[in-house]
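> Okay, predicted coordinates and the sequence, questions at the end:
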Amino acid sequence: MKRWLADPLIWTGLALVLLVIFMPALKPLFAVLFPDQDRPLFEQDSFINLTLAHIGLVAASSAISIVVGVTLALFVTRPAGREFRPLVETVVATGQTFPPVAVLAVAVPLIGFGAMPALIALALYGLLPVTEATVAAIEQVPAGAREAARGIGMSPAGRLRQIELPLAAPVILAGIRTSVIINIGTAAIASTVGAKTLGLPIIIGLSGFNTAYVVQGAIVVGLLAVVTDLAFDRLGGLLDRWKRDDVAASA
Amino acid sequence: MITFEHVGKTYGDWTAIEDLSLHIPKGEFCVLIGPSGSGKTTTLKMINRLIEHDRGRILFEGAEIRSFAPEQLRRRMGYAIQSIGLFPHWTVEENIGAVPRLLGWPKSRIRDRVTELLGLLALEPERFRDRYPRHLSGGQQQRVGVARALAADPAVLLMDEPFGALDPVTRDTLQAEMLRIHKASGTTIVLVTHDIDEAIRLGSRIVILDHGRIVQSGSPREILAKPASDFVADFVGREDIGIKLLSIERVGDRMRPGEMAEGEPIAADASLRHALSIFVARGIDRLPVVDQSGTVAGAIRLTDLTGAAP
Ligand SMILES: Nc1ncnc2c1ncn2[C@@H]1O[C@H](COP(=O)(O)OP(=O)(O)OP(=O)(O)O)[C@@H](O)[C@H]1O
Ligand SMILES: [Mg+2]
């Protein structure tokens, strides 16, 4: 059972952790790669702090996107909320039409600098993929299964919990995945309004013509996105076991 | 068991059901039939309140159906539909056990009931119990759908074109199984179909609907022998009425006990239609009849096929 050895999630995850912890040890390497720079390593803050702050911001904003997005989608797919569906879809889609930089720019004069405007901008930005996917996911639940669930006497709450949500889960998860991955990238831009994220070395590097900073920030953000994506992939595999062909092989 | 009293249903300004009165006694196999859009599905779904009627009263075991909570009412009525609607993320066992679980049966009792039902519907329990619906053929899925509807021993079984999407051979087998189950359990069944042969074969009573009204209701024999209108005569297939009448009678009912005849015998429980087919194909006018054990019990003559039953 050495299957984990060939698991890309383990390897990329390990690479991310080691890179973040031992970034300072790579200073000589960056000195060789970028010989023109006096400061070949970003040292204003540790990469451990930046990464944790980045993850914290994405986690908090995604949690908001998921809770609000799934709730909105479930509401507009109930008989009681059906009328609100066009309204919700328009508002949520508009939220994503604005470039995140613009949302941040609008948020600053209203809320000030720091993590708060970043959190709000990211949460708004991540809302669309979650809402859209959840509406689509609920809608692709087979009509026959829906009718049968009603016909055999399941309550509305029971139908949602036992039939609709489990059948919708893989598609909802795909929406959450898109939302989180987008926000991992977008969170980097949030450094422009004073939120501490992995975007800090990138932005300082860009404004100070220090390519080494840019590379360091970008690699960690990229790796973080890859690891997260692989983790979602793993999670998705657990949700639709019934779709696989090998599951019933014992029968 | 179920009584409709002057029931009506209107969708917008379209009257789907008009002044419908019908009594379905306990143990009846009632088949609703009629052209597309005649209101069969609407009538069926009004029974378990998937559709709410807007005029008249519907009674279930003497009580108005509105006096029950819809979920409680539905758990006492089995429900099987053409699209089957198995829950794809549940195994066969979980699907069949759905209503018993809702009713809070203990696990071991559910398991035993599932085993019993799989056997009843000719699915080997150990082979099928843990399968997911996507690993079943259409006919097997419909069997599981019927088993799910029967799981909690419902007082009434409601079925909307349950065999409509199946191939003729599978449909034929499942019809035979339904007849056997009805005979064994005595469950009241209301089945919707648009197939007159299915109605004749299954129904102890056939209710013919047109434009949301009952145009005739009676046993298959009554409907075939005395169609109430040209519409009914056309609907049951005017030219074939005689043949269809032969198909609902058994050779055993018209045979002459003790009489002898030459040739390959026919079974006593074969239909008169089958007998006619043999008379014509072999060019003969009498046939030996054997009972279930295979011993000769008598004979039947071509002339016995016509006239009133003895
Ligand atoms: N939700 C609805 N809104 C409006 N009209 C409806 C609705 N449901 C059914 N109808 C109409 O009511 C009539 C009866 O429909 P119903 O589904 O009972 O027919 P049916 O006899 O089951 O037909 P089929 O054999 O095609 O299934 C049809 O004309 C149909 O268009
Ligand atoms: Mg119908």
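Perfect, thanks for sending it. Just so you know, these numbers come straight off a predicted model, no measurement behind them. Ligands and ions are numbered 1, 2, ... in the order given.

> Write out the residues of the stretch 151-300 of chain B neighbouring ligand 1.
Contacts of the stretch 151-300 of chain B with ligand 1, taken as Cβ under 6 Å from any ligand atom, map to B:His194. (Each C-beta comes from the backbone N, C-alpha and C, glycine too.)

> Within range of chain A, give me the residues from the stretch 151-300 of chain B.
Taking Cβ under 8 Å from any Cβ of the partner chain as the criterion, the stretch 151-300 of chain B approaches chain A at residues B:Leu158.

> Do a quick rundown of the strands in the stretch 151-300 of chain B.
Secondary structure of the stretch 151-300 of chain B, counting by DSSP state E, counting those that start in this stretch: strands at B:156-160, B:188-193, B:205-210, B:213-218, B:256-257, B:266-267, B:286-290, B:296-301.

> Please name the residues that touch the residue nearest in space to the middle of chain B.
With distances taken as Cα atoms, centre = their mean, the residue of chain B nearest its centroid is B:Leu202 (4.3 Å). Residues in contact with B:Leu202, defined by Cβ atoms under 8 Å, 6 or more residues apart in numbering or on different chains, are B:29, B:31, B:175, B:178-179, B:182, B:191, B:193.

> re earlier: using CSV, lay out the strands of the stretch 151-300 of chain B together with mean neighbour count, distance to B:Ile58 and mean pLDDT.
As requested, the strands of the stretch 151-300 of chain B are arranged in CSV below (neighbours: other Cβ atoms under 10 Å in any protein chain shown; distance: least, Cβ to Cβ, whole Å; pLDDT from 0 to 100):
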stretch, mean neighbour count, distance to B:Ile58, mean pLDDT
strand B:156-160, 23, 12, 97
strand B:188-193, 25, 12, 97
strand B:205-210, 23, 15, 97
strand B:213-218, 18, 14, 96
strand B:256-257, 12, 47, 92
strand B:266-267, 20, 42, 92
strand B:286-290, 20, 46, 92
strand B:296-301, 20, 45, 92
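
> Reformat the ones you listed as CSV; add distance to B:Leu245.
Shown next, in CSV, are those (distance: least, Cβ to Cβ, whole Å):
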stretch, distance to B:Leu245
strand B:156-160, 25
strand B:188-193, 19
strand B:205-210, 13
strand B:213-218, 13
strand B:256-257, 20
strand B:266-267, 18
strand B:286-290, 19
strand B:296-301, 16
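
> Return the nearest residue of the stretch 1-150 of chain A with respect to ligand 1.
A:Glu147 (12.5 Å; Cβ to the nearest ligand atom).

> Just the buried residues of the helix or strand hosting that residue, please?
Under DSSP states H and E, the secondary-structure element containing A:Glu147 is helix A:143-151. By neighbour count on 16 or more other Cβ atoms under 10 Å in any protein chain shown, the buried set for helix A:143-151 is A:144-151.

> Can you give the distance from whichever helix or strand comes after it to the centre of its chain?
Proceeding C-terminally, helix A:143-151 gives way to helix A:156-159 as the next helix or strand, assigned by DSSP H and E. For helix A:156-159, the separation from the chain centroid amounts to 29 Å (computed by Cα atoms, centre = their mean, to the nearest Å).

> Over to stretch B:183-198?
Its chain's C-alpha centre and that of stretch B:183-198 lie 2 Å apart, by Cα atoms, centre = their mean.

> Could you pull up phi and psi at the residue lying closest to B:Leu150 once chain neighbours are set aside?
Closest residue to B:Leu150 apart from its sequence neighbours, by Cβ to Cβ, 6 or more residues apart in numbering or on different chains: B:Gly78 at 5.6 Å. Note on B:Gly78: its backbone torsions stand at phi -70, psi 150 [degrees, to the nearest 10].

> neighbours around B:Gly78, how many?
Counted with other Cβ atoms under 10 Å in any protein chain shown, the neighbours of B:Gly78 add up to 27.

> how close does it get to B:Thr173?
According to Cβ to Cβ, to the nearest Å, B:Gly78 and B:Thr173 sit 20 Å apart.

> do the same with B:Tyr132
Distance of B:Tyr132 to B:Thr173, computed by Cβ to Cβ: 23 Å.

> can you pull the contacts of A:Ile21?
By Cβ under 8 Å, 6+ apart, the contact list for A:Ile21 reads A:Ile48.

> Could you check how far it is from chain B?
Summarising the geometry, the distance separating A:Ile21 from chain B, computed by Cβ to the nearest Cβ, to the nearest Å, is 41 Å.

> again with A:Val91
To chain B, A:Val91 is 31 Å away according to Cβ to the nearest Cβ.

> cool, and A:Ser155?
Here the criterion is Cβ to the nearest Cβ. By it, A:Ser155 lies 5 Å from chain B.

> and that residue, how many neighbours?
Other residues lying near A:Ser155 total 15 when counted by other Cβ under 10 Å.

> now do A:Glu164
Here the number of neighbours of A:Glu164 (other Cβ under 10 Å) works out to 21.

> For it, which non-adjacent residue is spatially closest?
The shortest distance from A:Glu164 to any non-neighbouring residue, by Cβ to Cβ, 6+ apart, is to A:Val141 (5.3 Å).

> quick one: that neighbour and A:Pro170 touch, right?
No - with contacts counted by Cβ atoms under 8 Å, A:Val141 stays clear of A:Pro170, the gap being 11.5 Å.

> shaky segments in chain B?
Chain B contains residues with pLDDT under 70 at B:308-310.

> Can you pull the domain assignment for it?
The record's domain parsing of chain B by automatic domain parsing lists B:2-243, B:250-305.

> Can you tell me which of the ones you listed is most buried?
Each of those was assessed for mean neighbour count using mean count of other Cβ atoms under 10 Å in any protein chain shown. The highest is domain B:2-243, with a mean of 18.

> How about the contacts made by A:Ile203?
With contact taken as Cβ under 8 Å, 6+ apart, A:Ile203 is in contact with A:191-192.

> what about the helices in chain A?
With DSSP state H as the criterion, chain A has helices at A:8-22, A:27-33, A:47-76, A:85-97, A:100-111, A:115-139, A:143-151, A:156-159, A:165-189, A:199-207, A:211-239.

> Leaving out sequence neighbours, find the closest residue to A:Ile202.
If you skip the residues right next to it in sequence, A:Ile202 has A:Gly217 as its closest partner in space, 3.8 Å away by Cβ to Cβ, 6+ apart.

> Report whether the expected contact of the one you found with A:Gln44 is present.
No - using Cβ under 8 Å, A:Gly217 is not in contact with A:Gln44; the gap is 11.6 Å.

> any idea of the pLDDT on A:Ser247?
I think there's a mix-up here, since residue A:247 is Val and not Ser. Confidence at A:Val247, expressed as pLDDT, is 52.

> and if you look at A:Ser62?
The predicted local confidence for A:Ser62 comes out at a pLDDT of 96.

> That one reaches A:Gly175, doesn't it?
No - contact criterion Cβ under 8 Å: A:Ser62 and A:Gly175 do not qualify, at 11.3 Å.

> Okay, buried residues for the lowest-mean-pLDDT helix or strand in chain A please.
Taking mean pLDDT, DSSP states H and E as the measure, chain A has helix A:100-111 as its least confident helix or strand, at a mean of 81. Of the residues in helix A:100-111, those buried by neighbour count under the rule 16+ other Cβ under 10 Å are A:100, A:103-104, A:107-108.

> Enumerate residues external to stretch B:249-267 that contact any of its residues.
B:268-272, B:274-275, B:278, B:282, B:284, B:286-292, B:296-301, B:304-305, B:309-310.

> how far out from the middle of the chain is it?
Remark: stretch B:249-267 is offset 28 Å from the chain centroid, using Cα atoms, centre = their mean.

> swap in stretch A:39-55?
Averaging C-alpha positions (Cα atoms, centre = their mean) puts stretch A:39-55 20 Å from its chain's average.

> for stretch B:78-87, same thing?
Distance of stretch B:78-87 from its chain centroid, counting by Cα atoms, centre = their mean, is 15 Å.

> Touching it from outside, list them.
With Cβ under 8 Å, 6+ apart as the test, stretch B:78-87 has contacts from A:142-149, A:151-152, A:163, A:167, B:48, B:94-95, B:98-99, B:133, B:141-142, B:144-146, B:148-152, B:154, B:156-162, B:164-165, B:187.

> Can you tell me the closest non-neighbouring residue to B:Gly138?
Sequence neighbours aside, B:Leu166 is the residue nearest to B:Gly138 in space, at 6.1 Å (criterion: Cβ to Cβ, 6+ apart).
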